[in-house]
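Novice: Structural data only, the sequence is not supplied:
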């Protein structure tokens, strides 16, 4: 299992941009006619950022004058209506004063274009580093996330996605109960490494699942919520939040699950940074205190943060189980140790909730 509060892939603080492949470079240069006039000539090759949990579809363009923008590629299969709704939401949040990149129009005035088997969108480039977990950044993130949650709750109906997220479903419970009842199939279903992981940590995981399933926490009202505010989706500069990213992760769900899981990802980074697990309770309670001060309607976080975060962790664990059980899909098994470690981290961070 990933050690509790050990540094992980989110512990690097600086985005690294590298030149794109020649084939992708040709695709980007084939879009000259659609780009703003200042970007028809590049002073250097387009650059790409990528890796696990990082959006490798972001391409940075630098003009001769030194201005920079980000060209983002979506699959050709993306729902255009949902994509435009997300872009309109980002524009609205930016206009409301949130640190959210506001989409830029292409030279033809469109907010997205179809090209080379994909759908493309332009954003301003935001200079900054990934959220590192310093106390100053943690306070800034808690306050900004609290304000964001309030704005998303009040977002116009026309900007709300139809995508939903559900917790404590019958399918999730069946997947977790399968693992409980079919221990003799762990190796065959998940592979030997995951079977060993489950052997070492399953009793605690099963006990926590049963506890919160029988007495589920109050998750607050169902609203539009950002469900993936991990450290690489938060850019900071000089201790302040420079940008919140990846609004494709917004869904309709009880907001408590999203807020608590974001708190888990950000607070565990703070503990990993300081290197002292004994500080976990301080960081967790401080984060909730600052968030609720910025968004008093999220007061129930003070009582239920631990179990709300656990609910989202178990939703993700159950999804990985179901992929293995239903279709022998092992692609996400590599993050199962991280999710199992999150169970102990939730308890340490939010022990008073």
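Specialist: Yep, that arrived. Values in this document were obtained by computation on a predicted structure and should not be read as measured data. Residues are numbered from 1 along each chain as shown.

Novice: contacts and neighbour counts: CA atoms only from here.
Specialist: Will do.

Novice: Show me what counts as buried in the longest helix along the chain.
Specialist: The helix that spans the most residues within the chain, counting by DSSP state H, is helix 301-327. Neighbour-count burial for helix 301-327, counted by 16 or more other C-alpha atoms under 10 Å, picks out 301-325.

Novice: now do stretch 228-242
Specialist: Of the residues in stretch 228-242, 228-236, 239-242 count as buried by neighbour count, 16+ other C-alpha under 10 Å.

Novice: Just want the angle from the strand or helix carrying residue 179 to helix 301-327.
Specialist: Secondary structure from DSSP states H and E places residue 179 in helix 170-181. Counting by axes from the mean of the first three to the mean of the last three C-alpha atoms, to 10 degrees, helix 170-181 lies at 70 degrees to helix 301-327.

Novice: quick one: low-confidence parts of the chain?
Specialist: For the chain, the stretches with pLDDT under 70 are 1-2, 13, 37-43, 50-55, 352-353.

Novice: so who does the residue nearest the centre of it touch?
Specialist: In the chain, the residue lying closest to the centroid (C-alpha atoms, centre = their mean) is residue 228, at 2.1 Å. Residues in contact with residue 228 (C-alpha atoms under 8 Å, 6 or more residues apart in numbering) are 246, 249, 250, 258, 261, 262.

Novice: Mark which of those are buried, thanks.
Specialist: Neighbour counting by 16+ other C-alpha under 10 Å classes 246, 250, 258, 261, 262 among the contacts of residue 228 as buried.

Novice: Relative to residue 186, how far out is the fourth one?
Specialist: Okay, so that is residue 261. 28 Å (C-alpha to C-alpha, to the nearest Å).

Novice: just to revisit the earlier point, list the helices and strands the helix or strand that comes right after the longest helix of the chain packs on?
Specialist: Stepping forward along the backbone from helix 301-327, the first helix or strand reached (DSSP H and E) is helix 336-349. The elements that helix 336-349 packs onto, with contact taken as 3 or more C-alpha pairs under 8 Å, 6 or more residues apart in numbering; DSSP states H and E, are helix 192-214, helix 255-274, helix 280-294, helix 301-327.

Novice: Recalculate using a threshold of 6 Å.
Specialist: Counting contacts by 3 or more C-alpha pairs under 6 Å, 6 or more residues apart in numbering; DSSP states H and E, helix 336-349 is packed against helix 280-294.

Novice: List of residues touching stretch 273-282?
Specialist: 271, 348, 349 (C-alpha atoms under 6 Å, 6 or more residues apart in numbering).

Novice: Can you classify residue 150 by secondary structure?
Specialist: With DSSP: H, G, I helix; E, B strand; the rest coil as the basis, residue 150 sits in helix.

Novice: so what's it closest to, chain neighbours aside?
Specialist: Computed as C-alpha to C-alpha, 6 or more residues apart in numbering, the closest residue to residue 150 that is not its neighbour in sequence is residue 295, at 6.4 Å.

Novice: do residue 343 as well
Specialist: residue 310 (6.4 Å).

Novice: Would you check how far apart the one you found and residue 87 are?
Specialist: Relative to residue 87, and taking C-alpha to C-alpha, residue 310 is found at 30 Å.

Novice: swap in residue 291?
Specialist: 26 Å.

Novice: more neighbours, the two?
Specialist: The neighbour count for residue 291 versus residue 87, taken as other C-alpha atoms under 10 Å, is higher for residue 291 (27 against 23).

Novice: ok, so what distance separates residue 313 from residue 150?
Specialist: From residue 313 across to residue 150, the span is 23 Å (C-alpha to C-alpha).

Novice: ok and the longest helix of the chain relative to helix 192-214, angle-wise?
Specialist: Counting by the same axes, to 10 degrees, helix 301-327 lies at 130 degrees to helix 192-214.

Novice: Helix 301-327 packs against which elements?
Specialist: Counting by 3+ C-alpha pairs under 6 Å, 6+ apart, helix 301-327 packs on helix 170-181, helix 255-274.

Novice: Kindly state which of the ones you listed is positioned closest to residue 94.
Specialist: Proximity to residue 94 (C-alpha to C-alpha) singles out helix 255-274 among the helices and strands packed on helix 301-327, at 20.1 Å.

Novice: residues of that closest one that come out buried?
Specialist: Along helix 255-274, these residues count as buried under the neighbour rule (16+ other C-alpha under 10 Å): 255-273.

Novice: Taking helix 280-294 as reference, get the angle to that helix.
Specialist: Interaxial angle of helix 255-274 relative to helix 280-294 (the same axes, to 10 degrees): 130 degrees.

Novice: Relative to the whole chain's centre, how far out is helix 255-274?
Specialist: 11 Å (C-alpha atoms, centre = their mean, to the nearest Å).

Novice: What of stretch 278-297?
Specialist: How far stretch 278-297 lies from its chain's middle: 19 Å, per C-alpha atoms, centre = their mean.

Novice: shift numbering so it begins at 4
Specialist: Got it, the first residue is 4 from now on, which makes the last one we talked about stretch 281-300.

Novice: so how far is stretch 64-84 off the chain centroid?
Specialist: In terms of C-alpha atoms, centre = their mean, the centre of stretch 64-84 is set 20 Å apart from its chain centre.

Novice: now stretch 144-158
Specialist: Distance, centroid of stretch 144-158 to centroid of chain: 15 Å (C-alpha atoms, centre = their mean).
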